[in-house]
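sequence and predicted structure below; questions after.
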Amino acid sequence: MSSSQSLLEPVSDAHAVAVLEARSAPRRRRADWASWVDRAVLFGLTAAGLLSADGPAPYYAALGLAFAGLAGGVLGGAALVTFLGERSERRLQGPRRGSARRSEGARDTAIAMWVAATLLAWPLARVLVGKPIGLVWTLPDAWTALRLSALTVASLFVLDAWLYWKHRLLHTRWLFPLHRAHHAYRDPNGFTSFAVGPVEALATFWPIVLLAVPEATHWAPLYFPLVVAFIALNLYLHCGVSVRALEAILPKLLLNTSVFHNRHHANAAASFSEAFTVWDRICRTREQDRR
């Protein structure tokens with residue numbers, strides 16, 4: 001296929017386009033409240049470290065380490081994905097017509113990583129002062145391979161349901177101002193993978209703080225690969241490119257794909273899944289269901 005052709009044609013669903021345009025129209029009052037809420041959440045999460053039972057110093061030291069690791073890893077991966085994607089002949093929306101907005105995407109992604117770091121700092125601060133957390137490297141006697149597998153599957157189903165309904169709620173009339181900035185990247189790239197506001201970032205990454213609870217056991221050899229897989233999947237979903245092998249394999253695992261999610265950026269009224277596509281299938285919110 002020629003690089004001048006688009007693998008993803010513009011949406012023809014007039015109703016969906018009308019909904020997107022209506023939600024994207026300037027509404028100063030809503031934009032103002034959403035901006036203030038985002039700023040308040042960002043400030044509140046950062047200032048909460050002053051109340052840490054382990055002391056502010058360990059918390060903010062942990063916050064610095066967490067942000068360096070998260071932002072460095074995600075932005076490094078985003079740079080690689082963007083470099084490769086922008087040079088591919090299989091770009092989903094054809095040759096880019098406007099700016100890729102890499103700097104804005106990197107800024108918004110860095111803010112989202114700061115939110116994630118404020119959550120990760122809680123368990124990490126406990127590690128710095130020698131206290132136990134929920135992350136373990138060996139399984140307790142009570143945990144069998146069968147029980148761990150069943151719990152992992154159930155947890156993934158619940159978390160995926162949360163991600164779907166969180167995303168869908170953010171597309172309602174009153175909450176869309178909190179999500180609108182992400183849809184400004186209609187032709188996404190790696191740097192826009194996590195380019196969401198603080199409220200949405202908090203709603204996405206809040207499970208991280210559960211690691212601070214020693215009783216909430218997370219098996220590290222399984223937990224870390226799942227986190228890395230989620231980040232890698234999100235980078236692929238926003239790369240703007242179709243990779244044949246992944247587009248063939250991921251749907252068989254009921255996982256989201258770049259083509260599927262790119263449809264959401266082109267048509268904000270469909271395809272709300274963020275990891276698995278199970279809930280889009282259950283709720284019939286795929287674009288083919290809408291037709």
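Perfect, thanks for sending it.

residues touching the host helix or strand of residue 157, excluding its own?
Using DSSP states H and E, residue 157 sits within helix 145-169. The contact list for helix 145-169, computed with Cβ atoms under 8 Å, 6 or more residues apart in numbering, reads 139, 175, 179, 200, 203-204, 207, 219, 222, 226, 272-276, 278-280, 283, 285. C-betas here are computed from N, CA, C, even on glycine.

narrow these to those in strands?
Per DSSP state E, strands hold the following members of these: residue 219.

just the buried members of the contacts of helix 145-169?
When these are checked for burial by 16 or more other Cβ atoms under 10 Å, the buried set is 175, 179, 200, 203-204, 219, 272-276, 278-280, 285.

shouldn't residue 122 be in contact with residue 60?
No: counting by Cβ atoms under 8 Å, residue 122 does not reach residue 60; the two are 11.8 Å apart.

out of the two, which sits in the busier spot?
The neighbour comparison of residue 122 against residue 60 (other Cβ atoms under 10 Å) goes to residue 122, with 24 against 16.

pretty sure that one sits in a helix.
Yes: assessed with DSSP: H, G, I helix; E, B strand; the rest coil, residue 122 lies in a helix.

the stretch 1-150 of the chain: helices as residue ranges?
14-24, 28-47, 56-85, 102-128, 145-169 (DSSP state H, counting those that start in this stretch).

so which of those gets nearest residue 246?
Among the helices of the stretch 1-150 of the chain, the nearest to residue 246 by Cβ to Cβ is helix 56-85 (12.4 Å).

okay, buried residues for that closest one please.
So helix 56-85, judged by 16+ other Cβ under 10 Å, has buried residues 58-63, 65-67, 70-71, 74-75, 77-78, 81-82, 85.

I'm done for today, thanks for sticking with me.
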